[in-house]
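[1] Here is a sequence together with a model predicted from it:
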Protein chains: 2
Amino acid sequence: MWISRKTDYATRAVLALAIASGRSLKSHEIAEKTHIPPSFLEQIMGQLRGAGIVRSERGPGGGYRLNHPPQEITLERIVRIFQGPLAPISCATRTAPEPCPMEVMCSLKETWEEVRDATIAILERTDFEKLANRAGGPWLEISDKRQKTESLKSEV
Amino acid sequence: MWISRKTDYATRAVLALAIASGRSLKSHEIAEKTHIPPSFLEQIMGQLRGAGIVRSERGPGGGYRLNHPPQEITLERIVRIFQGPLAPISCATRTAPEPCPMEVMCSLKETWEEVRDATIAILERTDFEKLANRAGGPWLEISDKRQKTESLKSEV
DNA sequence: CATAATGTCGACTTAAAAAGTCAACTTTGT
DNA sequence: ACAAAGTTGACTTTTTAAGTCGACATTATG
């Protein structure tokens, strides 16, 4: 339970854009598709933009789109933007492990590092092209359920 | 960074008891060895006792000791007591996954489940006998650094 | 140029969880 | 009796998460 709501929202927003495959989505469209509170989404899109994940266009007809091909965007990247270090505990971060005050050598650290590395490995190999495909997309102009249902069926 | 300080403390306390290998430790001894705030440790030991991990004796000469052989106590067990579900996100818990509101099939869930399963696997195969051994223990009445240092050297 | 539809920014609020403290109490060995 | 333990539950403080809001900037369209 360590993925914050904000991170969850961010990954869902990026997934929505990946499924849109290059076309831009307006903020409120993303909000609707993903059920993210619109005013909160603003904040999140700002951070994604700042991190170079999405680019935006203003004015009528504006919106957001991915700034890179989906296969180049890993889940690890997005999670790190919102979540900070992926280690389960501060003594086991890769870049700045906090010293452990235990008197005896703390053998727990090794295990926390295993968890960290396993987590990172999974998130690094999961890119948004895979995720979009797994979701049954990319779709071109989907509006009715039939099309969606069929594309899902054909995958099973 | 999802292991709370409390969970961290709890695992360290159990490790200290595992290293003590059957002998009992007083609350303040555990607090010293692990640098846990003594009054906070009270709370934690209470929970460990309630969960059947440790047993206690009152009065002078009292203290805590493990209620089972260390190899029967997994890290997973302790973490669950203090941390709740091990899934990174509520839609990916094993027992009560929260429904996801995404309109399209949310393919992220699969990856969160991978992370969950990898985490659980690591924590389940890590028991406190291994941890105590890895820490260089169990020791009988260690008080000087020399002994500690030597036992570590012989392991490397 | 006016307007409306968009994104941008930063300060603000609220709610919840984490972290830690404390005092009064119970048990038990000597 | 007394002192050295553990027990209990309520309390406080701090931090983080989660979300809101209003004023502003940009731009396509008529």
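    Everything's here; your move. Numbers count the residues shown, from 1 in each chain, chains lettered A, B, ... in the order given.
[2] Enumerate every residue touching the residue of chain A found nearest chain B.
    Nearest to chain B in chain A, going by CB to the nearest CB, is A:Trp2, at a distance of 2.7 Å. All C-beta spots, glycine's among them, are computed from the backbone N, C-alpha and C. Listed by CB atoms under 8 Å, 6 or more residues apart in numbering or on different chains, the contact set of A:Trp2 reads A:Gln83, A:Pro88, B:Met1, B:Trp2, B:Pro88.
[3] Do you know the pLDDT at it?
    At A:Trp2, the pLDDT value in this model is 97.
[4] Does it fall in a helix, a strand, or a coil region?
    Using DSSP: H, G, I helix; E, B strand; the rest coil as the criterion, the local structure at A:Trp2 reads coil.
[5] And the helices in chain A?
    A:5-19, A:27-34, A:38-50, A:75-83, A:108-124, A:128-134, A:145-155 (DSSP state H).
[6] Can you check what angle separates the longest one from helix B:108-125?
    Okay, so that is helix A:108-124. Here the directions of helix A:108-124 and helix B:108-125 differ by 160 degrees (axes from the mean of the first three to the mean of the last three CA atoms, to 10 degrees).
[7] Show me the contact partners of helix A:108-124.
    By CB under 8 Å, 6+ apart, helix A:108-124 touches A:74-76, A:79, A:86-89, A:91-94, A:97, A:100, B:3, B:11-12, B:15, B:75, B:88, B:111, B:114-115, B:118-119, B:122-123, B:126, B:131, B:134.
[8] does any bit of it sit next to DNA strand C?
    No. Using CB under 7 Å from any atom of the strand, helix A:108-124 stays clear of DNA strand C, coming no nearer than 14.7 Å.
[9] Can you give me the buried ones in that helix?
    A:108-109, A:111-120, A:122-123 (16 or more other CB atoms under 10 Å in any protein chain shown).
[10] so how far is it from its chain's centroid?
    From the chain centre to the centre of helix A:108-124 is a distance of 19 Å (CA atoms, centre = their mean, to the nearest Å).
[11] rewinding a little: reformat the contacts of A:Trp2 as a markdown table; add distance to DNA strand C.
    Formatted as a markdown table, the contacts of A:Trp2 follow (distance: CB to the nearest atom of the strand, whole Å):
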| residue | distance to DNA strand C |
| --- | --- |
| A:Gln83 | 15 |
| A:Pro88 | 12 |
| B:Met1 | 9 |
| B:Trp2 | 9 |
| B:Pro88 | 14 |
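[12] Pull out the buried residues from those residues.
    The buried subset of the contacts of A:Trp2 (16+ other CB under 10 Å) comprises A:Gln83, A:Pro88, B:Trp2, B:Pro88.
[13] That's all I had, so thanks and see you.
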